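Visitor: predicted structure and sequence below. I'll ask about it afterward.
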Amino acid sequence: MTEPTSEFRSRKYYCIDSKVSACRRGFKTLGGYQQHHNAIHIEPLCPTHPRQHPFVNDENEPEEIPQGAYFTYHPVLDGTPYQPPDHPPHPEHDTWHPFPSHGHFELANFIFHHNQMPAKQKDDLMQTHGHPPFNSDTHLYNTIDSISSHDVQWQSLSLQHPDFEILQNDPNAAPWKHVEYDLLQNQLSNPEFAGGIDYALQQVFGEQGQRVWTDLMTGNWAWGQCNTLADDPDCHGAMFMPVILGSDKTTVSIATGQNDYYPLYVSASNLHNNIHPIPKTERGHNRSKEFQNFRCHLFHVSLQAILESFCHAMEKPEIVKCADGHYQRAVYGLGPYIADYPEQLLLLCINLDGTQCGRRSHLHTRTLKQAYFPHADVHELLAPDILHQIIKGTFKDHLIKWVDEYLVITYGEAQAKLIWADIDHRIAVVPSFLGLRQFPQGQGFKQWMGDDSKALIKVFLPAIAGHVPDKMVQAISDLTALDAALLCFHDKPNGISLPRQHSLCHYCHLIQQFGAPNGLCSSLTESKHHKAVKEPWRRSSGYLALGQMLVTNQHLDKLAQFWAKKFAAGLLSQPLLPTNTIPINSDSIGDLNDENCQDGEDLADAFADEEDNTEVIVQLAKIRVFHLPTRLQAIGQLIGVLNLHGLVCQFLHDQRNPDHHIPGHEMNVSLCPDFNGKVHVFHSAVASFYAPSNICGVHGMLRHVIHSTPTWHNGPAHHDCVFVEHDPTLPGFQSLYVAQVILFFSFHFCGVDYPCVLVRWFQTIGDQPCPNTGIWMVEPEFDVDGQRLISVIHLDTILHPAHLIPIYGNDYIDHDMQHSDSLLAFVAFYVNKFSDYHAFEIAF
């Protein structure tokens, strides 16, 4: 007997929330959409942006300093919109030209961009249709090539040795002199950037009037460039556009012949992707001084060719159409260059080949500056590189090795291995935290990646405390005395060469020049390699791959440009909708009725309260736990808190009598409001808040899930810790309590809904952070009977998730311990201030 097959269920509900660009997610049930909305589209009220304050340049005129955070625009280059003369419009084709319809474009974009289907599979797919949308893979490629490319221009240049023709027939000439090197250039503008461009520079000041440097457009360098350009009346009212460059060599395959590429990434209001040639030669020639000089010369000639299109607009503005559709008079400036240490040496024409080098000369730099790039000095444009200078250079290559060498010298190699094993286990048992990766094997992995080092930094300090001297812990933790520590380092005897650590001397100055260094890190260029170089190479045949990579990138860019233009025109605001589907906008939720609710949930409980005007929203999960008891006595017995009913009564006393002279925890339970009604239990809550690094920006939405569940992924229980509001008038961590969540629940009493949290309390150790690590410490708090102090608090008092790391002491820890046991197994904890940016800001 043939088993009945389930009927195919199409997606009936599509999200078209205008607040999230092109969400367009589809769901089979309304309940699925509700979960998506609660996870993605709930946003608290954005904090008030700093107010604009007019720039005052007259020293004789007293400046009135406003209260709170504020910013000022540059008084001359202020990005005044420009209205150009009327131009005849370009003839418009059909709406979806060159695609026959919306569906044809969506299919082409899915096959070529999202799925990256090989050509043969594309052709096979078309054979499965009676009337295929494309006749073959070639038809698909030709259609993409037919996309109008007014803004997408590719150029190809060939470079060669000056004696190429003379040495072409010379068998004794080095092979690298016979080769032509291809340079590929692409320019792409994208309407998706609308609303994300700063048209004028800003000076931003914080709540206490202190200067705030967040990104390049708030730094001193860009402001100084505008002051120089302001001497030219033609630049008044123009928009200054710094051109940020970054380069980093990448290898796509070692087994097939060390295929290296040298992409150059250029970012302005338009996005540029370029690929440098990398000259290669036989091993007998690759260390020759002549070949090294040729590589350096080829690098600079390539830069000159790529940036030549900017030169005419580095002193006089040119009219550009911006992503928002308006015109601006733009003047470009050669901005900071993102590169790791080898690329910086190449850029500065410094050759470190082991021979004695003389003093570097600025003649070549001045020549380039005077001839090609006005107002540019490469020696002041080298950007700080957090990835290679701090995360890898200082932490991995220096501090980790320093600790290892100390252990070997002090205890011997055999004992040092045992200590490292204990350090690894300490790292492995760190309690889990959202966004903080676990290290089940500690730090002993073979190949370190940037993300590994970033995550390990956050937990490394508590792990070594107790195994190394306190002064070593202080040296690693004392980043606040950066200048003093570096000055002390440079006073040491000569013979120590740490170029990456030396770069830290310039960090304070470079942050003031270019803003927060995370915006100019080589991790940005490395993250682009996968999409710009490695994926196109894998889609090629591997033979003469560069041209095939060019075609692939060109197709992807054309599809991206086409998608962006159609989305900006509103043609992609709704997905392709089959019959009997409902596009849902958060503004029209009330139009839905209970008949559309497939899973019987109450729509009123599925969406956030739009009237909540707090900057931080903490909400219980929208789906309660159905298999647990609904009465306090039974729940208390299940979780081992037998006095749960009394704790809830004391909580109600505080809620209904906030000014009572006796707090609830001291009140006799018999005198408190009595509750014996129905209770709903939840396994998680969501904290949503804005934590922008740029206080004048529009981005920075963060969301943390706080878990309290008896089993996590079929494993042990997972109970997160949280910061709870204490006294907002106190600074930093002193204004907070730390607690561990035992239970999320809610109930209805006297017409009021109470979302509640049952917590275990921790108390602060001392009134100062740990003198060695600089981290606050807490310990479990006990009542008069010696039992863990537990109470019920309102959900709104939770401010942010907290991450605790055990204070391990000097002893080795039990190897059977798991990370899920840590919060109950140790007697004291560090409050990890490195868990995430927002925790550091609010608590430390």
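Guide: The structure has been received and is ready for your questions. Numbers count the residues shown, from 1 in each chain.
Visitor: distance check, Met314 against Tyr265.
Guide: Going from Met314 to Tyr265 by CB to CB, to the nearest Å gives 19 Å. From N, CA and C alone the C-beta is placed, and that goes for glycine too.
Visitor: cool, and Phe134?
Guide: 33 Å.
Visitor: between those two, which is the more surrounded one?
Guide: Ranked by neighbour count (other CB atoms under 10 Å), Phe134 and Tyr265 place Phe134 first, with 22 against 19.
Visitor: could you list every residue that touches the closest residue to that one other than its chain neighbours?
Guide: Spatial nearest neighbour of Phe134, chain neighbours left out: Leu140 (4.5 Å); criterion: CB to CB, 6 or more residues apart in numbering. Contact analysis of Leu140 by CB atoms under 8 Å, 6 or more residues apart in numbering lists Ala108, Ile111, Phe112, Lys122, Phe134.
Visitor: surely the second one meets Asp124?
Guide: No: distance between Ile111 and Asp124: 11.6 Å, which falls outside the contact criterion (CB atoms under 8 Å).
Visitor: who has more neighbours, the two?
Guide: Between Ile111 and Asp124, counting by other CB under 10 Å, Ile111 is the more crowded of the two (19 against 12).
Visitor: in contact with the more buried one, which residues?
Guide: Applying CB under 8 Å, 6+ apart, the residues near Ile111 are Met117, Lys122, Leu125, Leu140.
Visitor: ok, so of those, who is nearest Met667?
Guide: Closest approach to Met667 among the contacts of Ile111 (CB to CB): Met117, at 68.2 Å.
Visitor: wait, that closest one touches Asp124, no?
Guide: No: counting by CB under 8 Å, Met117 does not reach Asp124; the two are 9.3 Å apart.
Visitor: and the strands in the stretch 251-400 of the chain?
Guide: Secondary structure of the stretch 251-400 of the chain, counting by DSSP state E, counting those that start in this stretch: strands at 259-267, 271-276, 318-321, 327-338.
Visitor: and of these, who's closest to Val741?
Guide: Closest to Val741 of those is strand 327-338 (CB to CB; 41.6 Å).
Visitor: buried residues, that closest one. List them.
Guide: By 16 or more other CB atoms under 10 Å, the buried positions in strand 327-338 come out as Gln328, Arg329, Ala330, Val331, Tyr332, Gly333, Leu334, Gly335, Pro336, Tyr337, Ile338.
Visitor: farthest pair within those?
Guide: Across these (CB to CB), the longest gap, 27.3 Å, separates Arg329 and Ile338.
Visitor: hang on, the earlier thing: what helix or strand is the residue nearest to Phe134 on?
Guide: Taking DSSP states H and E as the criterion, Leu140 maps to helix 137-145.
Visitor: let me see the mean pLDDT of that helix.
Guide: For helix 137-145, the mean per-residue pLDDT is 86.
Visitor: so which bits of that helix are buried?
Guide: For helix 137-145, burial by neighbour count (16+ other CB under 10 Å) applies to Asp137, Leu140, Tyr141, Thr143, Ile144.
Visitor: what's the offset of it from the middle of its chain?
Guide: In terms of CA atoms, centre = their mean, to the nearest Å, the centre of helix 137-145 is found 35 Å from the chain centre.
Visitor: dump the C-alpha coordinates for that helix into CSV.
Guide: Output in CSV follows, covering the C-alpha atoms of helix 137-145 (Å, rounded to 0.1, in the frame of the first residue of the first chain):
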residue,chain,number,x,y,z
ASP,A,137,23.2,29.0,-19.5
THR,A,138,24.6,31.2,-22.4
HIS,A,139,21.2,32.8,-22.8
LEU,A,140,21.2,33.6,-19.0
TYR,A,141,24.7,35.2,-19.3
ASN,A,142,23.8,37.2,-22.3
THR,A,143,20.8,38.6,-20.6
ILE,A,144,22.8,39.7,-17.6
ASP,A,145,25.4,41.2,-20.0
